[in-house]
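J.: I'll drop the sequence and a predicted model, then ask my questions.
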Amino acid sequence: MTDASLAATPDKTALRHAATVIVLRRDAGEPPRVLMGQRAERAAFMPSKFVFPGGAVDLGDWNVPLSAPLGAPNAARLAHDAPDGIAPALAAAAIRELWEETGMILGARTDWPDAAPPDWQGFADLGFCPAASDLHFVFRAITPPGRPRRFDARFFLVDAEAISNDPDDFSRACDELSHLQWVPLSEARALNLPFITEVVLAEISALLRPGQPISPPASVPFFDNRGPASRFLAIET
């Protein structure tokens, strides 16, 4: 999530659609790990907190071609109580934010049908087009009122095996997150985390089955803070 994208919105407290990516790594002989980084101490939103890569949907994300689309269950659930056509844009935003903040590529080697938008040029220059088929929509949360930034965030889970480049190479990452690292899932909740990240980590832990591939959950938890009272719902579309 760049300062430029925030500056494009005059009211920074307005609710913005956003996407977050939880990259899960399950190497042989190692405990399950997730990729996290720390936000800057002076950041307006969640300063000093450890978070997953993610940020707001940019205008260009609505027109980004996907070399492989979202799976049907994920697309249907993302469309629930949301603007028409937003599912591919959310997937594109997730892949772009992962690329910008970590340097990781979730894509396939293929040519873009048209010129890549500026935010995607580095991704395209490496010969990749974004691929969303390995993303699994697992959580949705709306930031409570009164915060300096508010997002309607969708959390995606992806296996690190779907990443096309070296998962230990962060050399192409921007400076949005520091201390990028693979954190054992069992130890992540000991970090300085936002409340919602703690909740998501618990949900992810409950989803995992040893030796089994990631699959869509039976329903997607939805922490809805649009009204005067918080509601914890389930998206079952």
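T.: Ah, there it is.
J.: Check which helices and strands the longest helix along the chain sits against.
T.: The longest helix of the chain (DSSP state H) is helix 86-102. In terms of contacts (3 or more CB pairs under 8 Å, 6 or more residues apart in numbering; DSSP states H and E), helix 86-102 is packed against strand 15-25, strand 33-38, strand 54-56, helix 72-78, helix 121-125, strand 128-130, strand 150-159. In this view, the C-beta of every residue, glycine as well, is placed from N, C-alpha and C.
J.: Counting by contacts, list what the last one packs against.
T.: By that I understand strand 150-159. strand 15-25, strand 54-56, helix 86-102, strand 136-142, helix 195-207.
J.: Could you say which one of these comes nearest to L66?
T.: L66 sits nearest to helix 86-102 of all the helices and strands packed on strand 150-159, at 6.0 Å, using CB to CB.
J.: export the closest one as PDB, just CAs?
T.: The C-alpha coordinates for helix 86-102 follow below in PDB (Å, rounded to 0.1, in the frame of the first residue of the first chain):
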ATOM      1  CA  ILE A  86     -14.600  -6.800  -7.600                       C
ATOM      2  CA  ALA A  87     -13.300 -10.400  -7.200                       C
ATOM      3  CA  PRO A  88     -10.600 -10.200  -9.900                       C
ATOM      4  CA  ALA A  89      -9.600  -6.800  -8.800                       C
ATOM      5  CA  LEU A  90      -9.100  -8.000  -5.200                       C
ATOM      6  CA  ALA A  91      -7.000 -10.900  -6.500                       C
ATOM      7  CA  ALA A  92      -4.900  -8.600  -8.600                       C
ATOM      8  CA  ALA A  93      -4.400  -6.200  -5.600                       C
ATOM      9  CA  ALA A  94      -3.300  -9.200  -3.400                       C
ATOM     10  CA  ILE A  95      -0.700 -10.300  -6.000                       C
ATOM     11  CA  ARG A  96       0.500  -6.700  -6.600                       C
ATOM     12  CA  GLU A  97       0.900  -6.000  -2.900                       C
ATOM     13  CA  LEU A  98       2.700  -9.200  -2.300                       C
ATOM     14  CA  TRP A  99       5.100  -8.300  -5.200                       C
ATOM     15  CA  GLU A 100       5.700  -4.700  -4.000                       C
ATOM     16  CA  GLU A 101       6.200  -5.500  -0.300                       C
ATOM     17  CA  THR A 102       8.100  -8.800  -0.500                       C
END
